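**Student:** no sequence on this one, just coordinates:
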Ligand code: ARG
């Protein structure tokens, strides 16, 4: 079948679904397919995707390690905001989509492609995130979302299509996949199947990046994280790149069962869904960042940040990374981070992370002011007028009207 689409850039994982998409695009649109595979820390080799794309007749193949860009330009800016969606979700999937979409658009421009395609379904948030980013960056781009178009609506049909087209099928991909999984350097998320019952406790084998808290070591681990301008720069005195640092925190956190979350969330498209997330390094990082902010941010800035945070998190969740309002909030958040420097000391123990110490060269904490001991800087009698004026309207109310 011929069509107006000549060349499409596909976000290609190398798995069964996107391999089927690769073939389906060639067949349905009679177009060239350029594949783009990125390492964003999903923990799988990406090089096999090159050979597979070649076999399946991709016209050009891009394979890139984007781990540093992912953490430096997406994860870290988001962590400056302490972003949590609905109080608990650290946005691990949401924050990766804009980066993948941006590279797809750039590759489309470089290769003269007129369309982009992704493997997200028509029920989830990810289609929205990919496509809002595509349109924000290239308003006239043609978007193809096979899951919304084709009739391969079951695993059996997908496998049959793969067999017809000599697409290699991994043994474990033949049957129903146990869960829908999305992984990167920030998190692993699992949804679907047994997890669809929100009352059912997740099976132990859902988890892949954290040990069960009850199986974690009986001895706690201590970790020190150093920050500069709101970003983590060193772990236990050792400076490293953003991606290496997050990798290290994932190891330490994962070994102590830190960062498991089991939640029901509100998807942007309207329904509720149950998900299980593992974000070991991110959970440690968030606690450490807040600890440094507690010493270094003025109360006004700190509280305003906390008010803006849910808005920021919702923008990221809903896919509005490349939007003026997210950039406005980012500018305010980044401004607040100028003096967010210092070291947080954390204790990891059987699934919990506790801040046990914090210090900063930019600290606003003044022991001479706060001490319970005698001091020469604060006159306790000043508090009387402060309280009386604050109480005035409360007293007038109680005295009665008229
Ligand atoms: N519900 C999460 C989100 O929208 C994760 C979605 C992708 N995860 C998955 N297991 N398919 O950010």
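**Tutor:** Happy to help now that I have it. In this text the structure is predicted, and so the values were computed from the model without any measurement. Residues are numbered from 1 along each chain as shown.

**Student:** this structure: helices as residue ranges?
**Tutor:** For the chain, the helices defined by DSSP state H cover 16-29, 47-55, 67-70, 76-80, 97-111, 126-137, 146-149, 155-164, 242-255, 280-296, 299-318, 324-336, 367-370, 382-399.

**Student:** quick check: mean pLDDT across the second one?
**Tutor:** Just to be clear, that refers to helix 47-55. For helix 47-55, mean pLDDT rounds to 96.

**Student:** got the residues of this structure near the ligand?
**Tutor:** 93-94, 124-126, 180-182, 189-191, 273, 275 (Cβ under 6 Å from any ligand atom). Placement of C-beta: from N, CA and C, glycine included.

**Student:** low pLDDT regions in the stretch 51-200 of the chain?
**Tutor:** Under the criterion pLDDT under 70, no range of the stretch 51-200 of the chain is flagged.

**Student:** what about 90?
**Tutor:** Across the stretch 51-200 of the chain, the ranges flagged by pLDDT under 90 are 153-155, 168-178.

**Student:** repeat that for the stretch 301-402 of the chain.
**Tutor:** In the stretch 301-402 of the chain, residues with pLDDT under 90: 375.

**Student:** so what's the residue in the stretch 251-400 of the chain positioned nearest to the ligand closest to, chain neighbours aside?
**Tutor:** Nearest residue of the stretch 251-400 of the chain to the ligand, counting by Cβ to the nearest ligand atom: residue 275, 4.8 Å away. Leaving aside its sequence neighbours, residue 275 sits nearest to residue 191 (Cβ to Cβ, 6 or more residues apart in numbering; 4.9 Å).

**Student:** so how many other residues sit close to residue 392?
**Tutor:** Applying other Cβ atoms under 10 Å, we find 10 residues neighbouring residue 392.

**Student:** what's next to stretch 317-336, contact-wise?
**Tutor:** 74, 77, 80-81, 85, 89, 91, 94-95, 97-98, 102, 125, 128-133, 136-137, 230, 268, 297, 301, 304-305, 308, 311-312, 315-316 (Cβ atoms under 8 Å, 6 or more residues apart in numbering).

**Student:** one more time with 7 Å
**Tutor:** By Cβ atoms under 7 Å, 6 or more residues apart in numbering, the residues outside stretch 317-336 that reach it are 77, 80-81, 85, 91, 94, 97-98, 125, 128-129, 132-133, 136-137, 268, 297, 301, 305, 308, 311-312, 315.

**Student:** same deal with stretch 291-304?
**Tutor:** 227, 336, 339-342, 344, 355, 358, 360, 362-365.

**Student:** again with stretch 394-402
**Tutor:** Residues contacting stretch 394-402 (Cβ under 7 Å, 6+ apart): none.

**Student:** stretch 366-377 now?
**Tutor:** For stretch 366-377, contacts defined as Cβ under 7 Å, 6+ apart pick out residue 378.

**Student:** could you work out the end-to-end span of that stretch for me?
**Tutor:** 10 Å (Cα to Cα, to the nearest Å).

**Student:** kindly report the same for stretch 204-213.
**Tutor:** Span of stretch 204-213 from end to end, Cα to Cα: 11 Å.

**Student:** mind listing what's buried along it?
**Tutor:** Neighbour-count burial for stretch 204-213, counted by 16 or more other Cβ atoms under 10 Å, picks out 206-207, 209-211.

**Student:** what's the closest of these to the ligand?
**Tutor:** Lowest distance from the ligand to those (Cβ to the nearest ligand atom) belongs to residue 206, with 10.6 Å.

**Student:** is it true that that closest one touches residue 191?
**Tutor:** No - the criterion here is Cβ atoms under 7 Å, and residue 206 misses it with residue 191 at 10.0 Å.

**Student:** mind checking pLDDT for residue 254?
**Tutor:** pLDDT for residue 254: 98.

**Student:** before we move on, what about residue 204?
**Tutor:** On pLDDT, residue 204 comes in at 97.

**Student:** what of residue 2?
**Tutor:** The per-residue pLDDT reported for residue 2 equals 54.

**Student:** report how many residues lie close to the nearest residue to residue 173 once chain neighbours are set aside.
**Tutor:** Using Cβ to Cβ, 6+ apart and skipping residues adjacent in sequence, the residue nearest residue 173 is residue 16, 4.5 Å away. Using other Cβ under 10 Å, residue 16 has 21 neighbouring residues.

**Student:** and stretch 232-242, what's buried?
**Tutor:** By 16+ other Cβ under 10 Å, the buried positions in stretch 232-242 come out as 232-235, 242.

**Student:** if we can go back for a sec, reformat the residues of the chain next to the ligand as TSV; add distance to residue 47 and neighbour count.
**Tutor:** Output for these, formatted as TSV (distance: Cβ to Cβ, whole Å; neighbours: other Cβ atoms under 10 Å):
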residue	distance to residue 47	neighbour count
93	23	23
94	27	27
124	28	19
125	29	20
126	24	20
180	24	14
181	20	15
182	20	21
189	24	21
190	25	25
191	28	18
273	33	18
275	30	21
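
**Student:** which of these lies closest to residue 107?
**Tutor:** Nearest to residue 107 out of these is residue 126 (Cβ to Cβ; 18.8 Å).

**Student:** what's the distance between the closest one and residue 144?
**Tutor:** 15 Å (Cβ to Cβ, to the nearest Å).

**Student:** please apply the same query to residue 188.
**Tutor:** Counting by Cβ to Cβ, the gap from residue 188 to residue 144 is 28 Å.

**Student:** mind checking which of these two has more residues around it?
**Tutor:** residue 188 (24 against 20).

**Student:** the more buried one pairs with what?
**Tutor:** Beta bridges link residue 188 to residue 183, residue 278 when assigned by DSSP bridges.

**Student:** correct me, but it touches residue 279?
**Tutor:** No - assessed by Cβ under 7 Å, residue 188 is found out of contact with residue 279, at 8.2 Å.

**Student:** which ones are touching residue 14?
**Tutor:** Going by Cβ under 7 Å, 6+ apart, residue 14 touches 37, 48-49, 52.

**Student:** as JSON lines, the residues you listed with neighbour count would be great.
**Tutor:** Output for these, formatted as JSON lines (neighbours: other Cβ atoms under 10 Å):
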{"residue": "37", "neighbour count": "22"}
{"residue": "48", "neighbour count": "12"}
{"residue": "49", "neighbour count": "24"}
{"residue": "52", "neighbour count": "22"}
